[in-house]
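Peer 1: build the 3D model from these lines:
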Amino acid sequence: MNKFTLLALGFLVACNSSQKTVSEAPISAEQADPVPYANTITQEELKEHLYTYASDEFEGRETGEPGQKKAVEYIKNEYEALGIPAAKPDGDYFQEVPLEVAKVPMGNITINNKAFEIGEDVLAFTAANGKFDQVTYVGYGIEEGDYSDYGGLNVTGKVVLITSGEPMNQNGNYILSGTSEKSDWSNMSEAMQKKGTLAMEKGAKGILYYDSQNYPRYKGYFEFMKNNDSGKMELAEHSDEGFVVILDEAAAEALIKDIEEDHTPKEISVDLEFNIASGSNKISSENVVAFLKGTEKPNEYLVISSHLDHVGVNANGEIHNGADDDGSGTVALLEIAEAFKKAADAGHGPKRSIVFLHVTGEEKGLLGSRYYTDVDPIFPLSQTVADLNIDMIGRIDPKRKGDRNYVYLIGSDKLSSDLHNLSEEINAKYANIELDYTYNDENDPNRFYYRSDHYNFAKNNIPIIFYFNGTHADYHRPSDTPDKINYDLLENRTRLIFYTAWEVANRPNKVLVDKLAK
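Peer 2: Below is the predicted model:
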């Protein structure tokens, strides 16, 4: 269990493999034809759902706010009307997700009796207190393979100083990759969390992090929190026991004068004091989880997921309706559930159990899905065969060239060549949508693979596919409204996901995991 969830700076920051392996025939002759059930997924019903779900009545579905409560009631009522039971054995569709919001920290740190004020020379997003006479500098703070910045150092109970980046050799190549390509240890969206998590796993009490290039971005986030009088939201059970303070150049050089050039791990004697106060407010929120029991393999589970929340109302009182993000995924999931229920009512229930998972707090750092995977999985992760995650499938990426009848696929080949090939075969047989793997590239700077709820399954070695249409000018704006959805594309993409889910749920063998999670 990760005790150190580093600031969730997700807003700052998700390989297309051509390799083919032999996979099973998509649909055996003995299985029922899924086409009649897929055809029950229609533009008209998707539109009807979405004009309600992304209406002003739902107030932008901000996590824990009244609009989000209306959203979960809407979803629950739909499952009740369909006759699809709750996943929890007590019959409750709601999985409570305890959250808390940190208040904006105030205070300073002193280094050798010189004060550095929070919001100016240092940044923090949680409380940090205590006096220390030593800091352990671990350079880049990396440990991978034969390389380690922690060699001979014991950081238990200590404050660790880490700098951004990763080591290079005399030829100008990165040591970890052996090439000119950086690793995840340098990636803006992942590096601080990876390095911080490693330090905490080694027993560090707190972290001082120096990244001159990205300090202005972190400061922008701090200013946003301050102006909105709201700090970081986190799972209540996972509030940080350690702390992190981000340093600007002046604060970092007060510890190591030539820190930009000096990456040699060492112990530093210093008079260091943290005087940063914060607090937290408890938030109540919930996932909505429904369930169709498998007919032949009921103890194997396919999860189909989407997030039910959005970003609420802005300071000007404008409602962010979130029609595409992720109203489109929510209504798609409801229609997929209805199609599977119609099949079950006709005697063609799925062989494996299907979990229809609507998660909260995605916009706050994938919190609802993390609660499901890391804290309270209703069904065992070891028996979960795949997650098909739907997040924004109703629009067209203005940067994309080519046929409008496309969908971005992310992650299908990261853990399972089998799932990737199955997906391709099913699309060719039933949907014939252009599958675009642009954002599946390991080097894509958007890093979408790490930015939606499927990732919490993938990190647990559960194969995933992330269905996505790309961003657009209305992303996270009040203008993301239902009238801008391309309902014919939403129908096509939803049917593709249904067909893929049908095959994953009904094939004789579960999809094979042949790669390790990163």
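Peer 1: now do the same contact list for Phe132.
Peer 2: Shown in contact with Phe132 (CB atoms under 8 Å, 6 or more residues apart in numbering): 158-159, 270, 272-273. For every residue, glycine as well, the C-beta is placed using N, CA and C.
Peer 1: switch the cut-off to 10 Å
Peer 2: Phe132 is in contact with 157-159, 205-206, 270-274, counting by CB atoms under 10 Å, 6 or more residues apart in numbering.
Peer 1: possible to save those as CSV with neighbour count, pLDDT and secondary structure?
Peer 2: Output for these, formatted as CSV (neighbours: other CB atoms under 10 Å; pLDDT from 0 to 100; DSSP: H, G, I helix; E, B strand; the rest coil):
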residue, neighbour count, pLDDT, secondary structure
Gly157, 10, 95, coil
Lys158, 19, 96, coil
Val159, 24, 97, strand
Lys205, 18, 95, coil
Gly206, 27, 95, strand
Val270, 17, 97, strand
Asp271, 13, 97, strand
Leu272, 22, 97, strand
Glu273, 16, 97, strand
Phe274, 21, 97, strand
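Peer 1: report the two of those separated the most.
Peer 2: Gly157 and Asp271 (17.7 Å; CB to CB).
Peer 1: which residue ranges form the helices in the chain?
Peer 2: Here the chain has its helices, by DSSP state H, at 35-38, 43-53, 66-82, 191-201, 215-228, 249-255, 329-345, 367-370, 417-426, 454-458, 487-506.
Peer 1: out of these, flag the one nearest Pro398.
Peer 2: The nearest among those, by CB to CB, is helix 487-506 at 14.0 Å.
Peer 1: average pLDDT for that closest one?
Peer 2: The pLDDT scores in helix 487-506 average 98.
Peer 1: ok now that helix, how far from the chain's centre?
Peer 2: Its chain's average C-alpha position is 22 Å from that of helix 487-506, according to CA atoms, centre = their mean, to the nearest Å.
Peer 1: that one versus helix 417-426: what angle between them?
Peer 2: Per axes from the mean of the first three to the mean of the last three CA atoms, to 10 degrees, the angle that helix 487-506 makes with helix 417-426 is 130 degrees.
Peer 1: helix 43-53 and helix 487-506, what's the angle between them?
Peer 2: Helix 487-506 and helix 43-53 are oriented at 100 degrees to each other (the same axes, to 10 degrees).
Peer 1: buried residues in helix 487-506?
Peer 2: Neighbour-count burial for helix 487-506, with 16 or more other CB atoms under 10 Å as criterion, is recorded at 487, 489-506.
Peer 1: stretch 379-392 now?
Peer 2: Buried residues in stretch 379-392, defined by neighbour count with 16+ other CB under 10 Å: 379, 381, 384-392.
Peer 1: follow-up on the earlier one: in a markdown table, list the contacts of Phe132 along with distance to Thr264.
Peer 2: As requested, the contacts of Phe132 are exported to a markdown table (distance: CB to CB, whole Å):
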| residue | distance to Thr264 |
| --- | --- |
| Gly157 | 22 |
| Lys158 | 17 |
| Val159 | 18 |
| Lys205 | 22 |
| Gly206 | 21 |
| Val270 | 17 |
| Asp271 | 22 |
| Leu272 | 20 |
| Glu273 | 26 |
| Phe274 | 25 |
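Peer 1: which among those gets closest to Phe468?
Peer 2: Nearest to Phe468 among the contacts of Phe132: Gly206, at 36.6 Å, using CB to CB.
Peer 1: quick one, what contacts that closest one?
Peer 2: By CB under 10 Å, 6+ apart, the residues touching Gly206 are 4, 124, 126, 128-130, 132, 135, 157-160, 196, 199-200, 240-245, 272, 274.
Peer 1: mind checking how far it is from Met188?
Peer 2: Between Gly206 and Met188 the distance, using CB to CB, to the nearest Å, works out to 22 Å.
Peer 1: where does the stretch 101-250 of the chain have low pLDDT?
Peer 2: Along the stretch 101-250 of the chain, segments meeting pLDDT under 70 span 189, 229-230, 237-241.
Peer 1: Asn427 contacts Leu409, correct?
Peer 2: Yes: Asn427 is within contact range of Leu409, at 9.0 Å (criterion: CB atoms under 10 Å).
Peer 1: list residues touching both of the two?
Peer 2: Here Asn427 and Leu409 have 433, 435, 496, 500 as joint contacts, going by CB under 10 Å, 6+ apart.
Peer 1: quick one: the spatially most central residue of the chain and Ser55, what's the gap?
Peer 2: Geometric centre of the chain, nearest residue: Ser452, 3.4 Å, by CA atoms, centre = their mean. Distance of Ser452 to Ser55, given as CB to CB: 24 Å.
Peer 1: check the gap between the nearest residue to Leu272 once chain neighbours are set aside and Glu80 for me.
Peer 2: Closest residue to Leu272 apart from its sequence neighbours, by CB to CB, 6 or more residues apart in numbering: Phe132 at 4.6 Å. Distance from Phe132 to Glu80, counting by CB to CB: 56 Å.
Peer 1: and stretch 132-140, how far out from the chain's middle?
Peer 2: Using CA atoms, centre = their mean, the mean C-alpha position of stretch 132-140 is found 31 Å from that of the whole chain.
Peer 1: okay, now the domains of this structure?
Peer 2: 35-100+282-506, 104-278 (automatic domain parsing).
Peer 1: adding distance to Lys515, write those out as CSV.
Peer 2: Shown next, in CSV, are those (distance: least, CB to CB, whole Å):
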stretch, distance to Lys515
domain 35-100+282-506, 5
domain 104-278, 16
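Peer 1: what about Asn427 and Leu409, which has more around it?
Peer 2: Comparing Asn427 with Leu409 by neighbour count (other CB atoms under 10 Å), the higher total belongs to Leu409, at 25 against 19.
Peer 1: from what I can see Leu148 touches Leu176, true?
Peer 2: For residue 148 the amino acid is Ser, not Leu. No: taking contacts as CB under 10 Å, Ser148 lies outside contact range of Leu176: 11.3 Å.
Peer 1: and among the domains of the chain, the most buried is which?
Peer 2: Of the domains of the chain, the one with the most neighbours on average (mean count of other CB atoms under 10 Å) is domain 35-100+282-506, at a mean of 21.
Peer 1: got the end-to-end distance for that one?
Peer 2: For domain 35-100+282-506, the separation between the terminal residues is 14 Å (CA to CA, to the nearest Å).
Peer 1: same check, this time on stretch 313-328
Peer 2: Start and end residues of stretch 313-328 are separated by 19 Å (CA to CA).
Peer 1: try stretch 295-314
Peer 2: 47 Å.
Peer 1: what does stretch 437-453 give?
Peer 2: Stretch 437-453 stretches 18 Å from its first residue to its last (CA to CA).
Peer 1: how about stretch 88-98?
Peer 2: Separation of the first and last residues of stretch 88-98 by CA to CA is 17 Å.
Peer 1: cool, stretch 299-317 as well?
Peer 2: Stretch 299-317 stretches 47 Å from its first residue to its last (CA to CA).
Peer 1: find residues that contact each of Ser148 and Leu176.
Peer 2: By CB under 10 Å, 6+ apart, the residues touching both Ser148 and Leu176 are Ile142.
Peer 1: could you measure from Asp153 over to Asn314?
Peer 2: No Asp there; residue 153 is Leu. Here the criterion is CB to CB. By it, Leu153 lies 46 Å from Asn314.
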